[in-house]
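Enquirer: Just a sequence and a predicted model for now, questions to come.
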Amino acid sequence: MYPYADNSVTRENTIHQESLEHPIHFNLSPPSLCSYLPYQVSQLTFLLLEPNQSIDSELYTQLSTQGFRRSSNAFYRPNCQNCAQCISSRVVVKEFLPSRRYRKVLNRNSEVSVKFVAATQATQEHYALYQKYISGRHADGDMYPPSLHTFEQFLVDSPTDTLFMEVREPNNKLIAVAVTDRLSDGLSSIYTFFNPDSSYNSRSLGVFCILKQIEAAKSLGLDYVYLGFWIPTVKKMSYKTDYTPIELLINNHWTYFSQTPDHNEVLSLINTSPAKFF
C-alpha cells in the first residue's frame, strides 16, 4: 500500500481552457431529495472527467470562482430549480486575523508540526487515521463503513495538484490530515480527517487545520481558501462563516463580508433562478 503511486491512474490528457474548441459540456443530474434540506429537490450541474484526464490549474480556478467543487473526477455545483441556499464560500486570507478563540486553538497545538505532501504519497498511516475518523465521527453517514477504495477514489486519485497537510505530534504521531487542492488564486479545502478520541476534543483539530491552510495560502501569496458550500439554515455548516473576512457567491457574484454574515440577510439576497456557466 505504500506508496499509492503504483496503483494510481496515469493521466495522459489535461483539459486546458484555452485549448477548448467548444464550450465545456456540463451535465445536469436527475432530481433527488436534498440531503441537507429534505423538503427540497436537489440537482447538480457537473463536469465529469475521464479516468485518464487531468485539469489544468487555470481552468480549475475558473470553475471554483463560479462555485464548483471537486469530488474525485467530478466538478459540481448545485443548480436547483426552487432553492439557492448552497452558497460557495472563500476566506480572504490576506485580511484574515485570528480571533481570540482561534489564537487559543493555535496555542493549544503549538507543539505539533505541519507538513504538506503530495496526495499520491498517501500511506497506510493516512488510511488508518481516515478509518478511525469515519468510524468514530461518521458511523451514521454514507461514507461508513470506511473502505480503501473510497479513500483512494475520493482523496488520493486526483486530476489536479492535491496535497495532504499532515499534522503530527512531537513523537511523530499523525493526528490530522487536511486534503487541499492548489489553485491559481488559493487553496481549496476538500476534506479533513483527524483523531476522534475524546482526549483530542480540546485541541479543535478541524478548526486548527483550517487555520493552518489559511496560513499556508497567505505564505504562498494566494488570495483565498475555498471552504465549499455554506447553507444558512443548516447549523452544522455555520462554522464556515466564522472565518472572516469571507466572500459568499450570491446570485453568481462574490459578496464581501467583513464580519460573520447574518443568515437572514443572506437569505433575503439569494434568488432561485437556475445558474448558467461559461
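Expert: Structure's in. What do you need?
Enquirer: Phi, psi for residue 264 please.
Expert: The phi/psi pair for residue 264 (degrees, to the nearest 10) reads phi -70, psi -40.
Enquirer: Name the nearest residue to residue 259, ignoring sequence neighbours.
Expert: Closest residue to residue 259 apart from its sequence neighbours, by C-beta to C-beta, 6 or more residues apart in numbering: residue 244 at 5.6 Å. Bear in mind the C-beta positions are built from the backbone N, C-alpha and C, glycine included.
Enquirer: Does the one you found belong to a helix, a strand or coil?
Expert: coil (DSSP: H, G, I helix; E, B strand; the rest coil).
Enquirer: List the residues that contact it.
Expert: Residue 244 is in contact with 91, 96, 257, 258, 259, 260, counting by C-beta atoms under 8 Å, 6 or more residues apart in numbering.
Enquirer: Closest one of these to residue 186?
Expert: residue 91 (8.5 Å; C-beta to C-beta).
Enquirer: By neighbours, which of the contacts of residue 244 wins?
Expert: When neighbours are counted by other C-beta atoms under 10 Å, residue 91 leads the contacts of residue 244 with 29 neighbours.
Enquirer: Quickly find the element holding that one.
Expert: Of the helices and strands defined by DSSP states H and E, residue 91 is found in strand 87-92.
Enquirer: Show the pLDDT at the residue nearest the centre of the chain.
Expert: With distances taken as C-alpha atoms, centre = their mean, residue 190 lies nearest the centre of the chain, 2.7 Å away. On pLDDT, residue 190 comes in at 98.
Enquirer: so it, which of the three states?
Expert: Secondary structure state of residue 190, per three-state DSSP, is strand.
Enquirer: next one: residue 46
Expert: Following three-state DSSP, residue 46 is assigned to strand.
Enquirer: Just give the nearest non-adjacent residue to the residue nearest to the centre of the chain, would you?
Expert: Of all residues not flanking residue 190 in the chain, residue 179 sits nearest, at 4.4 Å (C-beta to C-beta, 6+ apart).
Enquirer: cool, and residue 212?
Expert: residue 114 (5.3 Å).
Enquirer: That neighbour should be in a strand, yeah?
Expert: Yes: per three-state DSSP, residue 114 lies within a strand segment.
Enquirer: would you put the C-alpha positions of stretch 38-45 in PDB?
Expert: The C-alpha coordinates for stretch 38-45 follow below in PDB (Å, rounded to 0.1, in the frame of the first residue of the first chain):
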ATOM      1  CA  PRO A  38     -35.100  17.200   3.000                       C
ATOM      2  CA  TYR A  39     -38.100  19.300   1.900                       C
ATOM      3  CA  GLN A  40     -36.200  20.500  -1.200                       C
ATOM      4  CA  VAL A  41     -35.400  18.800  -4.500                       C
ATOM      5  CA  SER A  42     -31.800  18.800  -5.500                       C
ATOM      6  CA  GLN A  43     -30.000  18.900  -8.800                       C
ATOM      7  CA  LEU A  44     -26.300  19.300  -9.700                       C
ATOM      8  CA  THR A  45     -24.600  20.800 -12.700                       C
END
